[in-house]
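**Student:** predicted structure and sequence below. I'll ask about it afterward.
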Amino acid sequence: MVREDDLVRLAQEGQAAAFEALVERHQARVYSLALRLTGNPHDAFDMAQEALLKAFLSLPSFRGQSAFSTWLHRITTNVCLDEMRKRGRRPLLAVEREDDDAPPRVHPDPAPGPEAEALRREERRAIERAIAALPEEFRVPLVLRDLQGFSYEEIADLTGLPLGTVKSRIHRARLQLRERLAPELFPARDVSASEEGRRRG
């Protein structure tokens, strides 16, 4: 397999086949990011195509200071956020500052068999559904932080929100995820807890 750095260099030299190979490697992740940000498959497809076109046009300015994938994901993020701003879909109401908290995490069997692997896939689908159901002002910063790895400062710069608002929204998004995921991922624990409460009552 051709190294990605070599594909980037060849694409910068004008070889269309090299850029097509880069697109094949990254288009699924670009679409996935756009879908998580926009929450709409049709919009996500359009935004992914626009991001890839912008990446092609901007390729001469890519200097390799970060991984190509990081650079491409930043372009995708900016394309999605710019479009949402144009449509007035980004609520600007600041929320009260809260302390940060860790995102909900699922701990699968380190060596899963078929049943455990099927359970892990269902857990991933449940998490994806819960993220998609979040209000946009919470979903966007959560995706950028917990799925894309942007720093709080980078998210504030990308979204134009105050740093405190970014942290607060991410915290609230994580709390909402826990509330949504608990019945699906931990039903037995919830049932036992409620039964214990009745016994004590």
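**Tutor:** Right, received. Where do you want to start?
**Student:** rest of the way, CA atoms for contacts and neighbours
**Tutor:** Will do.
**Student:** and this structure, what are its domain boundaries?
**Tutor:** For the chain, automatic domain parsing gives the domain ranges 4-86, 114-200.
**Student:** look at the residue most central in space within the chain and tell me its secondary structure.
**Tutor:** Residue closest to the mean C-alpha point of the chain, counted by CA atoms, centre = their mean, is V143 at 3.2 Å. State at V143, reduced to three classes by DSSP: H, G, I helix; E, B strand; the rest coil: helix.
**Student:** for it, what are its contacts?
**Tutor:** 36-37 (CA atoms under 8 Å, 6 or more residues apart in numbering).
**Student:** could the domains of the chain go into a markdown table alongside mean pLDDT?
**Tutor:** Formatted as a markdown table, the domains of the chain follow (pLDDT from 0 to 100):
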| stretch | mean pLDDT |
| --- | --- |
| domain 4-86 | 91 |
| domain 114-200 | 79 |
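**Student:** okay, now A132: neighbour count?
**Tutor:** 19 (other CA atoms under 10 Å).
**Student:** can you classify it as helix, strand or coil?
**Tutor:** helix.
**Student:** now it: closest residue in space that isn't a chain neighbour?
**Tutor:** G39 (5.8 Å; CA to CA, 6 or more residues apart in numbering).
**Student:** torsion angles phi and psi at the one you found?
**Tutor:** With angles defined as degrees, to the nearest 10, G39 sits at phi 70, psi 20.
**Student:** state the helix or strand in which A173 lies.
**Tutor:** Using DSSP states H and E, the element containing A173 is helix 163-185.
**Student:** kind regards, and thank you for your time.
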